[in-house]
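**Q** need a 3D model of the following:
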Amino acid sequence: MKDALLILEDGTKFTGKSIGIESHSVGEVVFNTAMTGYQEIITDPSYHKQIVTLTYPHIGNTGTNDEDNESKDSFCSGLVIRESSPISSNWRNQLSLEEFLSKNEIVGISNIDTRKLTNHLRNHGSMNACLVSNGISAEEALSEAKSFSGLAGLDLAKEVSTKKPYIFTATADSTNQQYHVVAIDFGVKTNILNLLSKNGCKVTVLPAQSSFDEVMKYDPDGVFLSNGPGDPEPCDYAIKCIRELLEADIPIFGICLGHQLLALASGAKTEKMKFGHHGANHPVIDTQTGIVYITSQNHGFTVNEMTIPENVKVTHKSLFDQSIQGIELKDKNAFSFQGHPEASPGPHDIQPLFQKFISNINHAKKN
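**A** Alright, predicted model coming up:
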């Protein structure tokens with residue numbers, strides 16, 4: 001194994017062993033507390049321009065396979081782990097983690113103290129960094145880390161989105177597709193589309209920059225706003241489209257970035273979090289029923305509660321920091337959720353949100 005280096009913008013260094021390609025990359029370092037799902041994390045477009053640190057110490061036990069990818073590409077800028085499993089033991093395994101990283105051209109580092117790194121990020125906030133496995137000097141790496149702009153102000157949704165419309169072909173059981181849903185792709189995960197299909201939807205996926213008129217050409221029963229990376233506020237094209245969809249009273253369901261964009265279109269503001277929410281074990285409370293759900297999270301921006309307008313009610317809150325996790329418009333057929341219900345936390349705690357979307361579509365069709 002070749003040596004590798006992770007250097008943060010404040011000069012903090014971590015040396016370890018390379019587990020990916022020989023190269024270097026820059027991005028914002030975040031930590032994820034999930035114990036499983038490393039393949040889904042690596043292929044989640046929401047991690048575009050981010051170097052992901054996994055806090056669970058032993059990664060790669062089950063290898064990787066073609067079925068569990070959340071997108072066709074891998075978007076994260078790097079992977080940081082404590083220990084890479086030398087054995088991949090699972091009946092579905094096709095490639096080891098290290099083979100998968102090489103195939104997908106991802107820089108990776110192992111054999112570092114991820115607990116120390118995570119504590120540093122918790123204390124100081126998410127930082128820009130350079131991950132090196134090709135021998136450039138620490139001074140050059142530090143310079144590159146400092147030169148990275150960070151995610152605030154970056155519109156990354158249009159970078160990871162599909163370039164042309166397509167009809168989604170489900171991999172899950174999806175009989176009786178009686179509803180037509182347009183999913184606007186800001187970095188959508190495959191399993192979200194699978195769950196829409198499983199709940200009776202034919203799904204047409206459109207590029208992030210699609211206009212209201214382009215959406216309405218498909219005469220949708222409802223519109224889904226997907227997850228995605230980066231800062232929601234620069235996505236002015238999406239905010240404009242969503243405002244027009246709200247005026248037309250089309251049923252809308254948003255997840256993650258889609259949740260934040262719905263809030264912005266409704267008149268609220270968003271803000272950067274200190275180190276974000278990244279993990280599969282985050283408790284969220286339903287503010288109406290008091291029921292607590294275990295959720296999967298992946299976001300670095302949040303809706304500022306002080307800016308919520310009168311016609312929007314908060315439906316869910318994080319029990320970690322009381323940040324907003326769900327909203328619903330009082331005067332429109334639209335709601336959203338910050339977490340990732342398709343990631344099977346709980347494992348099915350939040351999936352009734354998809355049923356609520358279908359119920360809203362049915363209600364709209366009757367009126």
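
**Q** can you pull out the low-pLDDT segments for the stretch 51-200 of the chain?
**A** Along the stretch 51-200 of the chain, segments meeting pLDDT under 70 span 171-175.

**Q** go with 80
**A** Applying pLDDT under 80 to the stretch 51-200 of the chain flags residues 170-176.

**Q** strands of that one, start to end?
**A** In the stretch 51-200 of the chain, the strands defined using DSSP state E, counting those that start in this stretch lie at 58-59, 78-80, 83-84, 108-110, 127-132, 166-167, 179-185.

**Q** which one of those lies nearest to T15?
**A** Counting by C-beta to C-beta, T15 lies closest to strand 108-110 out of the strands of the stretch 51-200 of the chain; the figure is 8.5 Å. (C-beta placed from N, C-alpha, C; glycine too.)

**Q** adding distance to H282 and mean neighbour count as columns, could you present the strands of the stretch 51-200 of the chain in JSON lines?
**A** Shown next, in JSON lines, are those (distance: least, C-beta to C-beta, whole Å; neighbours: other C-beta atoms under 10 Å):
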{"stretch": "strand 58-59", "distance to H282": "20", "mean neighbour count": "17"}
{"stretch": "strand 78-80", "distance to H282": "21", "mean neighbour count": "28"}
{"stretch": "strand 83-84", "distance to H282": "25", "mean neighbour count": "19"}
{"stretch": "strand 108-110", "distance to H282": "25", "mean neighbour count": "26"}
{"stretch": "strand 127-132", "distance to H282": "22", "mean neighbour count": "27"}
{"stretch": "strand 166-167", "distance to H282": "32", "mean neighbour count": "11"}
{"stretch": "strand 179-185", "distance to H282": "24", "mean neighbour count": "24"}
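
**Q** buried set for the longest strand along the chain?
**A** Using DSSP state E, we find that the single longest strand of the chain is strand 270-286. If you call a residue buried by 16 or more other C-beta atoms under 10 Å, then strand 270-286 has these buried ones: 270, 272, 275-280, 282, 284-285.

**Q** outline the domain layout of this structure.
**A** Using automatic domain parsing, the domain ranges for the chain come out as 3-147, 157-366.

**Q** any figure for the gap between the residue positioned nearest the centre of the chain and Q178?
**A** Central residue of the chain (C-alpha atoms, centre = their mean): S46, 3.6 Å from the mean position. Here S46 is placed at a distance of 30 Å from Q178 (C-beta to C-beta, to the nearest Å).

**Q** if anything else comes up later, I'll come back, but that's it for now.
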